[in-house]
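Engineer: pasting the sequence and the predicted model now:
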Amino acid sequence: GTRDPGGVWQPAQMTALMRYSRELGISVAAASFMNEPNLVELTGAPKGYSAADYARDFDLFARTLRAEVPGAKVIGPDSVGGGGLERLAAEAKLTVLSNAEMMAKPR
């Protein structure tokens, strides 16, 4: 999988994909880590995954992408929201992570 037994994201699969893309001559202009991470239960993240966990994993993702594909843009978080969706998710007892909390650590 993409996580170790403690739930920490591991870059091995991404690194292999970036290297294979390079071998094929495919350039990677940008990449994001985890689709719509603010609705954490819908991402496949481990139970109890927090904004601090996301920040830790995003930091590793960003460092890995920059090492493997210098010049590629790091995108994120690409959160879902607006139109009351976050309120509805909270009413459905889904955890909603704050973008500000996920990105609190400078990148």
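Structural biologist: Done, it's in.
Engineer: how far out from the middle of the chain is the host helix or strand of Arg63?
Structural biologist: In the assignment (DSSP states H and E), Arg63 maps to helix 51-68. From the chain centre to the centre of helix 51-68 is a distance of 7 Å (CA atoms, centre = their mean, to the nearest Å).
Engineer: so what's the residue most central in space within the chain closest to, chain neighbours aside?
Structural biologist: The residue lying closest to the centre of the chain (CA atoms, centre = their mean) is Phe33, at 2.7 Å. By the measure of CB to CB, 6 or more residues apart in numbering, the closest residue to Phe33 outside its immediate chain neighbours is Phe61, 4.0 Å from it. Where C-beta positions appear, they are placed from N, C-alpha and C, glycine not excepted.
Engineer: can you map out the helices along the chain?
Structural biologist: For the chain, the helices identified by DSSP state H occupy 12-23, 51-68, 85-91, 99-102, in order along the chain.
Engineer: so how far is Thr15 from Glu86?
Structural biologist: 33 Å (CB to CB, to the nearest Å).
Engineer: go on, Gly7?
Structural biologist: Where Thr15 is concerned, Gly7 sits at a distance of 19 Å (CB to CB).
Engineer: likewise for Glu41?
Structural biologist: Glu41 sits 27 Å away from Thr15, taking CB to CB as the criterion.
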